[in-house]
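J.: Sharing a model that was predicted from the sequence below.
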Amino acid sequence: MERSFFEHLLGVAAKAGERVAVRDDRGELRYAELCARARGLAGALALRGLAGERVGLLVSPGAEWVEAFAGCLAAGVTAVALTELYAERELALLVGASRAKALLVSDSLRELASKVAGAVPVLQLSELSRETSRVAFDRAPEGKEQSPALLLFTSGTTGKPKGVPISHASMLHLGQTLARAWAFGPGDVLLHVLPLHHLHGIGVSLVVALVSGATVRFLPRFDAERAWDELAGATALMGVPTQHKKFFDALDAATPERRAGWTRAARGLRLVTSGSAALPVVLGERWRSVAGQYPLERYGMTEIGIVLSNPESGERRPGTVGLPLPGVELRLVGDDGEPVADGAPGELWVRAPTVFAGYDGDDVATRASFRDGWFVTGDTARRSADGYVTILGRTSVDILKSGGEKLSALEIEDALREHPGVAEVAVVGLPDETWGDAVVAVIVPRAGQAEAVAEPLMRAWAKERLTAYKVPKRVVVVAELPRNPLGKVMKGELVRRLVQGGASSR
């Protein structure tokens, strides 16, 4: 039995040899070389007494990030995923909360690391990589599979970020399960455009490619035009809805010649996926028209991995997150704590091999997240008679109770996006003595369309398409929506701004 993720990677490298594992703007890193560098880095970490400890990774995306990650895994180190995308104060808080014994950093991020490290030693990856020590951690000790390989922090959209330890066994199971479900293999080239401090960028994208022996093509940061240019050499693309929208904003603004070239490249993709937030159907249909496929939507969380997925080969139903993956059990529970019938909304509970053991150092939050061995996701969902699941939204912020009716904010958002003047929209509920939750639509208009989405016009338009109790009571027009680094709309922050009068209705 493989006892660590690095042990599996060694097996992949033994077969892949000189096949390229990672390609970035600076060059290529082959599988054999990746494992050799990782063993060297593991030795350097061990000489500093860090084997088995926690080490923060503040490393630029690309080959050096993968080398740092693999080196930590080889040394039995728990890699703490950090990012320069966070504000300095927030980053410093995460360094402290992680209890990391050192920070492993890129040369370009050395100055930032020194500002946020506090008393934690800062180690430059380039210096450690030059050391000649070779202490091999090829064989992890017994029981290693359940020790943490990675520490991620939740996005904090519903409270302060919490540390989520992910074991070697969970990470390996997740990567192998998704690789099989999505038919990944050595011939694939994944265009990687996601940040490397979330499950999506690490566990769902990078890990799936590495366990398959595929090649990962990293861009230094997401830029839609650059990403379109790189699609010609890729077979797979994974993204979040915000990125998918930017893809088509760039496509629409491109010259006819460039648009034709990008479309040809898109037709060569074997797989396009979307996750981390609900994909507007209008964006999914754009991908279908350009690439010949509707993006594969799936569902998961940092705490549970990916547990639901539309099929790679089979019916991908727009608006759904598909079917349970192998080994996954689901339960949909009503307000009374009892299972609900197919077609009825209920809170989604999960049991699966990838569910974490508990939040880092937070027993209270851990106990609150489990019921009789089931993880309580906090998402409300609906299951069809043949098993496809639709996420209706976060139970706390996306499921509104207005006038005695339970509403899905995501359903209302999908309807409002069909208006030609709407670029983006978020639906929230504001406290109201009459309605309970007053439904409010916050709209970012397309250029020059602010008047077209004014409240009276939008309410009249919505009444033709939505049941009366779903029609927003207010329409607020703003320049932009508050988002976290992964592009998720922070609805709690949006409600706070509305309550404080930070946005005006039209």
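T.: Yep, it's here. Please read these numbers as outputs of a predicted model, since none were measured by experiment.
J.: in this structure, which helix or strand is least confident?
T.: The least trusted helix or strand in the chain, going by mean pLDDT, DSSP states H and E, turns out to be strand 405-408, with a mean of 77.
J.: Mind listing what's buried along that strand?
T.: 407, 408 (16 or more other Cβ atoms under 10 Å). Just so you know, the C-beta spots here come from the backbone N, C-alpha and C atoms, and that holds for glycine as well.
J.: Run through the stretch 401-506 of the chain and note the low-pLDDT ranges.
T.: Counting by pLDDT under 70, the stretch 401-506 of the chain contains low-confidence residues at 403-404, 433-434, 486, 502-506.
J.: Could you pull out the strands in it for me?
T.: Along the stretch 401-506 of the chain, counting by DSSP state E, counting those that start in this stretch, strands occupy 405-408, 422-432, 436-445, 474-477.
J.: thinking again about what came up before, can you list the strands that the least confident helix or strand of the chain pairs with?
T.: Next to strand 405-408 in the sheet, as set by DSSP bridges, lie strand 399-402 (antiparallel).
J.: Can you tell me what sits against the strand it pairs with?
T.: Strand 399-402 is touched from outside by 345, 380, 392-393, 406-409, 427-429, 435-439, 469, with contacts defined as Cβ atoms under 8 Å, 6 or more residues apart in numbering.
J.: Need the buried ones from those residues selected in PyMOL.
T.: With 16+ other Cβ under 10 Å as the criterion, this PyMOL line picks the buried residues out of those:
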select buried, resi 345+380+392+393+407+408+409+427+428+429+435+437+438+439
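J.: name the helices or strands packed onto the host helix or strand of residue 226?
T.: Per DSSP states H and E: residue 226 is located in helix 224-230. Under the contact criterion of 3 or more Cβ pairs under 8 Å, 6 or more residues apart in numbering; DSSP states H and E, helix 224-230 touches helix 241-253, helix 256-267.
J.: Would you reformat these as TSV and include distance to residue 397 and mean neighbour count?
T.: Output for the helices and strands packed on helix 224-230, formatted as TSV (distance: least, Cβ to Cβ, whole Å; neighbours: other Cβ atoms under 10 Å):
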stretch	distance to residue 397	mean neighbour count
helix 241-253	17	18
helix 256-267	34	15
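J.: Relative to residue 17, which of the ones you listed is closest?
T.: Of all these, helix 256-267 sits nearest to residue 17, with 28.7 Å by Cβ to Cβ.
J.: Average pLDDT for that closest one, rounded please.
T.: On average, the pLDDT along helix 256-267 is 96.
J.: what residues does that helix touch?
T.: With Cβ under 8 Å, 6+ apart as the test, helix 256-267 has contacts from 228, 229, 231, 232, 234, 251, 254, 287, 290, 291, 292.
J.: Would you map out the domains in this protein?
T.: As given by automatic domain parsing, the domain ranges for the chain are 5-209, 399-499.
J.: before we move on, the earlier item: out of the contacts of helix 256-267, which end up buried?
T.: Using 16+ other Cβ under 10 Å as the burial test, the contacts of helix 256-267 include 228, 231, 234, 251, 254, 287, 290, 291 as buried.
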